[in-house]
Every structure is written in structure tokens, then in C-alpha cells.
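> quick one: sequence plus predicted model below, questions after.
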Amino acid sequence: MAFAYTGIDLPIRPKTISSHQRSWEIIASPGRWWNGAERIEIARVGRAARDFEAVGSEILSAAAVFAIQKLVVDNANLNHEWYEEIIAADGMSEDRYVELVAVTVHALSIDEFHRALGLELEPLPDPAPGEPSQQRPPEAEQRRSWPPIVPRTGLHPADAMLYGPLEWGANVISALSLIPENVRWLHDLSEGHYLSFAEMRMPDPLRSISRPQIELIAARVSVLNECFY
């Protein structure tokens, strides 16, 4: 089974393990704009970029490969002009970019968890069959992020609570909403690595360390990684 974490003398939370296992299933499955093999290739290219390996791809466009590499090793220098060039390039679009970002970032987050613990990286999964659905939320709007985002009133009923009771989520959440399942994925992995969105509103989420300690570590990691959104 993937992410068994046997032979490691550390108390890894069951929620962390299950979020990793689900992430590998999600990456291997067809999305809305990329099939399973392409999504695994996105993760592979991102993994190579993290080690500064300039790899090519036989199934992704040159623009897609460049976008992945830029997201992984030079994200502090992203700008709107670069984004506009990428989504206009061959094999790319707003929708494909948002899905590519989600796969790249989630796979990288899990890899970094392993590196932090000195563990070998989990082998990437085999692709699941099927084709992308190519479904775009009809109410997507150009508002506060580079790609269009979807207000709560424009979501499919199955996604109605994507932002909880709010019309919009925080920018870092709603920026992925052009592919609503990306937001649910973000919820799940966030709870596994950090806090659930409900716990973020709690002064003490009853973890092994206090909320101020959690935020101090999170802030330090963000600074070291030059995070911004």
C-alpha cells in the first residue's frame, strides 16, 4: 500500500497518511483537462525540477513543462505577463493551467514531507483509465486572481459548501476554484499537513504543539520558500 510509513519511529497522524493516499489516487485519475497519464507526468516533471533536473516530456507540451518548472523553482518571479503568455501557448489554457498548478503543488507538498523526514520519495502511481471531462463551471468570473474564479452562487450543488457559508474563500483557496475539486483536494491535504479550514478559526486546535507554535513554523517555512499569493 502507498504511504505505509513502516519502519519510521514517528507518530504520523492517520489523517496525514490518508490525505497522501487520496492525493496519489487523485493525481492518477483523469481530471477535467488532463488525463491520468498526463497528470502523473506533471508530477514527474515537478519532482525533477525540484532537483534542478531539466527534463523534457513526450506527452506534455513545452509550455506545460516550462510552467511546471517555473512554479517549482522560480515561483517568486511569477507575474501576470508570464501567466498570460503561458495560457496562450500551445497545449495550455486557463483551465489547464489551474489543474496543472494543483497537481504540481500537491505532489510537491507530499514530496517535501518525505524529504523533511529523510524518507525516500513515494513512487508515482500508475495512471487510471479515462478521459478528461472538459467541464468548466459556467459562472466562472474574472475577479481577484489571474485565472477566473467561481462564486458560491455559481457552484454545482455538490460543491455548494466549497467556501463554507461565505460567497468567496480566501484568495489562496478561490484561486483554484475554476476546477472545484482542486479546492476540496486542498482542504484535504491542508488538514493532513497543517489545519483544517475549521481549525484555522480555532485559537487552540488541540494538537501536540500550540497554535502560535504552528503558525511560527508555517510562517518560517513560507519565508524560506518565498511564498506569496
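Thanks, I have it. Numbering: from 1, shown residues only.

> which residues of this structure score low on pLDDT?
For the chain, the stretches with pLDDT under 70 are 154, 160-161, 164-169, 228-229.

> quick one: buried residues of the top helix by length along it?
Ordering each helix of the chain by length in residues (DSSP state H) puts helix 94-116 first. Buried residues in helix 94-116, counting neighbours by 16 or more other C-beta atoms under 10 Å, are found at 94-111, 113. For glycine as for every other residue, the C-beta is placed from the backbone atoms N, C-alpha and C.

> show me what that helix is packed against.
Judged by 3 or more C-beta pairs under 8 Å, 6 or more residues apart in numbering; DSSP states H and E, helix 94-116 is in contact with helix 14-28, helix 36-50, helix 62-73, helix 80-88, helix 180-193.

> so the second one versus helix 62-73, what angle?
Looking back up the chat, that one is helix 36-50. 50 degrees (axes from the mean of the first three to the mean of the last three C-alpha atoms, to 10 degrees).

> coming back round to it: in the helix or strand that the longest helix of the chain is followed by, which residues are buried?
Per DSSP states H and E, the first helix or strand lying C-terminal to helix 94-116 is helix 171-174. Buried residues in helix 171-174, counted by 16+ other C-beta under 10 Å: 173-174.

> most tightly surrounded among the helices and strands packed on helix 94-116?
helix 36-50 (a mean of 21; mean count of other C-beta atoms under 10 Å).

> C-alpha coordinates for it, CSV please?
Listed next in CSV are the C-alpha coordinates belonging to helix 36-50 (Å, rounded to 0.1, in the frame of the first residue of the first chain):
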residue,chain,number,x,y,z
GLY,A,36,-4.2,10.3,-15.7
ALA,A,37,-1.0,9.8,-17.6
GLU,A,38,-0.6,13.5,-18.2
ARG,A,39,-1.3,14.3,-14.5
ILE,A,40,1.4,11.8,-13.4
GLU,A,41,3.8,13.3,-15.9
ILE,A,42,3.1,16.7,-14.4
ALA,A,43,4.1,15.3,-11.0
ARG,A,44,7.2,13.7,-12.5
VAL,A,45,8.4,16.9,-14.2
GLY,A,46,7.8,18.8,-11.0
ARG,A,47,9.7,16.2,-9.0
ALA,A,48,12.7,16.6,-11.4
ALA,A,49,12.5,20.4,-11.3
ARG,A,50,12.8,20.3,-7.5
